[in-house]
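> Have a look at this prediction, sequence included:
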Amino acid sequence: MKFEEGKGVLPAGCSQEATLTSESSLAQALIARGVSPGVAEDVCASQPAEQIKKQIAVFDSLRARNHRKISKNPPGFLVSSIKDRYAPPKGFTANQTKPREEVPSVTFNIPSTKKSHTGTRRDVAERTATRLAIEEFWQLMPEPERQRRETEVIADATEIERDVIARGKSFANATRKALLDAYALKMLGR
């Protein structure tokens, strides 16, 4: 079975369950539920496995019932529920929070020309070091210089990126951060 890169759903007829025993299989389980590979790895690296398993079980139950809580952005809800440790809904029994062991595991083949998202400790350490380098780049810069450079980066962005930022809706902060992060990495020679 192949999981198509960039798609947030499994192919028709495929089970949403996955064996939840290791960090990489937890990441695969999150990816199968629409979470992007990078976010899935970050969540698996920063959150306890039991918390992730519990929230996946709750998520699957809510999704099976087409619950309104997850209707707008299911992957976003799942990630938030894990990071913010949402309590299960009223009436959700403890045996529903355990993933079913009898369901066979699903293996995903994610074709990509990008670096593989394996979730190894080295990969997590590299991402963490990169994040810290970007934060340090901006924090060590005097405020007037930082504001000037941020303004230049936004001015050099594509029209679509500037439009997204100007609207100030859900993708504005992510777009702005991506532009500033890319600039910082360029200046740092990465």
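Right, received. Where do you want to start? Numbering: from 1, shown residues only.
> Can you give me the neighbour number for Ala174?
As a burial measure, Ala174 scores 11 neighbours (other C-beta atoms under 10 Å). To be clear about C-beta, it is placed using only N, CA and C from the backbone, and glycine gets the same treatment.
> how close does it sit to Asp123?
Per C-beta to C-beta, to the nearest Å, Ala174 is found 21 Å from Asp123.
> cool, Leu179 as well?
Distance, Leu179 to Asp123, using C-beta to C-beta: 24 Å.
> Which one of those two is surrounded by more residues?
Taking other C-beta under 10 Å, Leu179 and Asp123 do not tie; Leu179 has more neighbours (19 against 15).
> where exactly do the helices run in the chain?
Taking DSSP state H as the criterion, the chain contains helices spanning 23-32, 37-46, 49-64, 74-83, 121-139, 143-155, 159-167, 172-187.
> and this structure, what are its domains?
Domain ranges of the chain: 23-114, 122-187, per automatic domain parsing.
> what's the most buried one of the ones you listed?
Comparing those by mean neighbour count (mean count of other C-beta atoms under 10 Å), domain 23-114 comes out on top with a mean of 16.
> okay, and for this structure, where does confidence drop off?
Low-confidence segments of the chain (pLDDT under 70): 1-23, 71, 93-119.
> Let's see that with 90 instead.
Along the chain, the model assigns pLDDT under 90 to residues 1-30, 32-81, 84-131, 133, 135-141, 161, 163-165, 167-174, 176, 188-190.
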